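A.B. asks: coords below, sequence missing:
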């Protein structure tokens, strides 16, 4: 007992000491208390100081001197040797910055002088936690627009650029690169191009740290969106090609995930001629994860090909000129001619012809001034992308300006009779510098009808005019070079594409290297592609599209920067006008239609590259689920409306079979995805195609699982309003089926039905509403869940509005309403009647004369209801709705006396809530609050 008493005495002394300490702290001023704990050797005390800085600032906010004194102590606390204290301080910096912004008159320039240097210094802190905290704080400050633009440019950006220097720490470099990418959309185009873009391009080629390249690839789309199309095509696109052929699959996967964003920042021409083939290479990547990401982005990438001529809207606003104008305007005057849609077509054609003629004259002068020896030197100096450093050479080549020869070629293809002679001459002068895409475009231009003084096509065509060494010069064998002549004539034929990039020997070596791993399904797919290409080389004609597959198969043997041997990015002259390429493709497709089966012909179109569409349509192939992704069909279904919008309703035949396959997929998630978007697809296709192809699928979804039916139900109104009246009326018989669900507890299904019925009222006549929708509304008003009932009351009131134009129907409806609810044996039904009456009056669903005739008498009878909740709602309805209308207050009204008597009776009610709402007029209380206040008691 003695020991216990001593222990009690000791504890009492400790308590007294702590109380004395607390009382002493209360006597100190906020600054003195801050100084006391900031100088403590206890780490936790200093952490407490960091947490309490904002409270201290608020306490001394009235005194400007004390505010600056606190900020000076913040600067001293930032030098603390303990990382946890610095991290805690950095977490408080955004809150302190907001306080300084709100009290700027008291503490002017406090943030830039005291707080911003701390944030900048901590970005290079040795402790990982401190760096992470400072990076998060910096992003918050930028999002809240708390940092001046001058401070961003002078203090933050140089530090971040220095942190990404080659000699910087690997982790710091990766983190700084991530911050730069996240900052770019916040700081804008100007700062990004001047300060961040050069270092970003350099980091895309960091051969030592694949983590840095992965960060660049993951944020590539955001960077393209910030800098715009011109900088993207000149500087960023070559780096993107390098990243897409990186030897680390994670980098290539990141490129596939951001491909759509990159595509949206480029022109339609680059999108079609360069990015499409690059995306095909990602789809056939050796890594399953890369292929999976590519297929997930395929539909999104296809959607970037949308143009006004097909869908009536433009993917990017700045491309409206390009789509409407038959050529790219070279001056403001010509651009004005293009954008004036009401201008005569002849005026536009004249402007195009003048631009074409001027370009052709320049081409002739330039081509004549160059000697054949110079041309040969240029051919021998072509860039080899397969060797190390080739990518950088191509990047430099891409930065050169696009010459006007592409415009001349495209204009000549549209006006062959006017410019045949000049076009032919320009083509002859241009061919030695023409790339593979020029080889595709030029032959159709030369097939125009010969005129007087025009060289015949047979005289123009020879291997010198139509052949040059491909820019991605692979080390060709001697025998392959010896066989070049037959290949030249094959490539120059009207129905062929560019020459193969690999010979038989290379193909055989690739197949031999892959055969030991033939058990792998991915390797087997690559071997099949190479075998087919090998068989194709035995013929004198080149199989279209095989070059892309061969380049895809060669990826595994390239270095980390080796761009696939793509002739798309080696020369500025490759940037041909999109119309010229499309003209060539149209002729090729016409010549090759005889070799296509009827099924293949049904899939042909000219909106997007056919290879992309073929890959998209193959996503429903069951083998794809085994080799790519088990949910690949779901991704196909998710992006199908966007693909359909891009192709336009005139090309719906390309997608019809795919859509039907997805609609009957075994996975309910696939069908659910289609059910949620069927209304959007109907809007794209129009009423005729919707009735023929979508209505049967819509009917099957109505009988599907609840997980699928909810998708149809959520957009029931959006779909039915697109149908003809006769077809729409057929669904009146099926609406009651939505009341039956797989799970009776799925009350949200019935709630959604009530909301859709409110919208459907405008689609049907008053007679149809009375015959078919009235039973559903009354059934939902008696639902067990209060949330369903509240929406149903709104539905009933809107029905009253709909039927009010038909006196006979509205009278029958109101009589049934009184009978079912006002005289209901359940108090919830009588309460529902009061709710409906309140809504009818407040929303003016019925004239007050009709309301007084049919509903007012039964409503006043509820004053003697035995349930207080019913009388409470009646008191609210009388006070807040009826007595607010001058019609019921007027002394000449025959119902005024009955209203006053009922109100007096409610004011003397035994229930205090009824008495309160009958006596006082709480103006803020309305039906929404009533529903919430009574929800618990009426569930």
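C.D. replies: Received it, and whenever you're ready, just let me know what you need. Bear in mind the structure is a predicted one, so any value in this text is a computation, not a measurement.

A.B. asks: how about stretch 657-671, which residues are buried there?
C.D. replies: 658-659, 661-663, 665, 670-671 (16 or more other CB atoms under 10 Å). Placement of C-beta: from N, CA and C, glycine included.

A.B. asks: restricted to helices, list those residues.
C.D. replies: In this view, the buried residues of stretch 657-671 that belong to helices under DSSP state H are 658-659, 661-663, 670-671.

A.B. asks: mind putting the residues you listed in a markdown table, pLDDT included?
C.D. replies: Conversion of those to a markdown table gives the following (pLDDT from 0 to 100):
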| residue | pLDDT |
| --- | --- |
| 658 | 94 |
| 659 | 95 |
| 661 | 95 |
| 662 | 95 |
| 663 | 95 |
| 670 | 95 |
| 671 | 96 |
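
A.B. asks: pretty sure residue 896 contacts residue 885?
C.D. replies: No. Using CB atoms under 8 Å, residue 896 is not in contact with residue 885, being 11.4 Å away.

A.B. asks: and the helices in the stretch 551-700 of the chain?
C.D. replies: Using DSSP state H, counting those that start in this stretch, the helices of the stretch 551-700 of the chain run over 578-592, 598-601, 610-617, 622-627, 632-647, 656-663, 668-685, 687-689, 695-702.

A.B. asks: mean neighbour count, those helices: which tops it?
C.D. replies: Ranked by average neighbour count under the criterion mean count of other CB atoms under 10 Å, the helices of the stretch 551-700 of the chain are headed by helix 632-647 at a mean of 24.

A.B. asks: which one among the ones in helices among the buried residues of stretch 657-671 gets closest to residue 706?
C.D. replies: residue 671 (11.9 Å; CB to CB).

A.B. asks: how close does the closest one get to residue 738?
C.D. replies: As judged by CB to CB, to the nearest Å, residue 671 and residue 738 stand 17 Å apart.

A.B. asks: so which elements touch the strand or helix carrying residue 707?
C.D. replies: Using DSSP states H and E, residue 707 sits in helix 706-714. Secondary structure elements in contact with helix 706-714, counted by 3 or more CB pairs under 8 Å, 6 or more residues apart in numbering; DSSP states H and E, are helix 668-685, helix 695-702, helix 747-760.

A.B. asks: can you list the residues that contact the second one?
C.D. replies: Residues external to helix 695-702 that are found in contact with it (CB atoms under 8 Å, 6 or more residues apart in numbering): 659-660, 663-664, 671, 674-675, 678, 708-709, 711-712, 719, 723, 727, 734, 737.

A.B. asks: helix 668-685 and that helix, what's the angle between them?
C.D. replies: Per axes from the mean of the first three to the mean of the last three CA atoms, to 10 degrees, the angle that helix 695-702 makes with helix 668-685 is 150 degrees.

A.B. asks: quick check: mean pLDDT of helix 695-702?
C.D. replies: Across helix 695-702, the average pLDDT comes to 94.

A.B. asks: quick one: it to helix 706-714, angle?
C.D. replies: Using the same axes, to 10 degrees, the direction of helix 695-702 lies 120 degrees away from that of helix 706-714.

A.B. asks: do the first one as well
C.D. replies: Interaxial angle of helix 668-685 relative to helix 706-714 (the same axes, to 10 degrees): 20 degrees.

A.B. asks: ok, residues contacting helix 668-685?
C.D. replies: With contacts defined as CB under 8 Å, 6+ apart, helix 668-685 is touched by 311, 631, 633-634, 637-638, 640-641, 644-645, 649, 652, 659, 662-663, 665, 690, 693-694, 697-698, 701, 704-705, 707-712, 714-715, 718-719, 722.

A.B. asks: switch the cut-off to 7 Å
C.D. replies: 633-634, 637-638, 641, 644-645, 649, 652, 662-663, 665, 690, 694, 698, 701, 704-705, 707-708, 711-712, 714-715, 718-719, 722 (CB atoms under 7 Å, 6 or more residues apart in numbering).

A.B. asks: follow-up on the earlier one: check which residues of the helix holding residue 707 are buried.
C.D. replies: Within helix 706-714, the residues that count as buried by 16+ other CB under 10 Å are 706, 708-714.

A.B. asks: kindly report the same for stretch 121-141.
C.D. replies: Within stretch 121-141, the residues that count as buried by 16+ other CB under 10 Å are 122-125, 130-131, 133-135, 137-138, 141.

A.B. asks: for stretch 31-39, same thing?
C.D. replies: 31, 33-34, 37-38.

A.B. asks: what do you get for stretch 65-74?
C.D. replies: 66-71, 73-74.

A.B. asks: reformat the residues you listed as CSV; add pLDDT.
C.D. replies: Listed next are those as CSV, based on pLDDT from 0 to 100:
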residue, pLDDT
66, 81
67, 82
68, 82
69, 85
70, 85
71, 84
73, 85
74, 86
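
A.B. asks: so which pair among those residues is furthest apart in space?
C.D. replies: Greatest spatial distance in the buried residues of stretch 65-74: 66 and 74, 13.0 Å, computed using CB to CB.

A.B. asks: mind showing which ranges of the stretch 501-650 of the chain have poor pLDDT?
C.D. replies: Along the stretch 501-650 of the chain, the parts satisfying pLDDT under 70 run over 501-503, 517, 519-525, 529, 532-533, 535-602.

A.B. asks: cutoff 80 now
C.D. replies: Within the stretch 501-650 of the chain, the segments meeting pLDDT under 80 span 501-604.

A.B. asks: thinking again about what came up before, nearest to residue 814 among the buried residues of stretch 65-74?
C.D. replies: The closest of those to residue 814 turns out to be residue 67 (CB to CB; 68.5 Å).

A.B. asks: surely residue 608 meets residue 305?
C.D. replies: Yes. Using CB atoms under 7 Å, residue 608 is in contact with residue 305, at 4.5 Å.

A.B. asks: what's the closest non-adjacent residue to residue 917?
C.D. replies: residue 875 (4.0 Å; CB to CB, 6 or more residues apart in numbering).

A.B. asks: please name every helix or strand in contact with the helix or strand containing the one you found.
C.D. replies: Secondary structure from DSSP H and E places residue 875 in helix 868-877. Judged by 3 or more CB pairs under 7 Å, 6 or more residues apart in numbering; DSSP states H and E, the packing partners of helix 868-877 are helix 827-842, helix 896-907, helix 912-919, helix 927-938.

A.B. asks: show the subsequent helix or strand relative to that helix.
C.D. replies: Using DSSP H and E, the helix or strand that directly follows helix 868-877 along the chain is helix 886-889.

A.B. asks: and the average pLDDT for that next one is what?
C.D. replies: Helix 886-889 shows a mean pLDDT of 80.

A.B. asks: check stretch 144-159 too.
C.D. replies: Averaging pLDDT along stretch 144-159 yields 89.

A.B. asks: on that earlier part again, tilt between the helix holding residue 707 and helix 747-760?
C.D. replies: Using the same axes, to 10 degrees: helix 706-714 against helix 747-760 is 20 degrees.

A.B. asks: what element comes up after helix 706-714 heading to the C-terminus?
C.D. replies: Next along the chain after helix 706-714, taking DSSP H and E as the criterion, comes helix 716-720.

A.B. asks: list the contacts of that following helix.
C.D. replies: 678-679, 682, 698, 728, 731, 756, 759-760, 763.

A.B. asks: I'd like the residues you listed written out as a markdown table, with distance to residue 227 added.
C.D. replies: Output for the contacts of helix 716-720, formatted as a markdown table (distance: CB to CB, whole Å):
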| residue | distance to residue 227 |
| --- | --- |
| 678 | 39 |
| 679 | 37 |
| 682 | 38 |
| 698 | 44 |
| 728 | 50 |
| 731 | 51 |
| 756 | 45 |
| 759 | 44 |
| 760 | 48 |
| 763 | 48 |
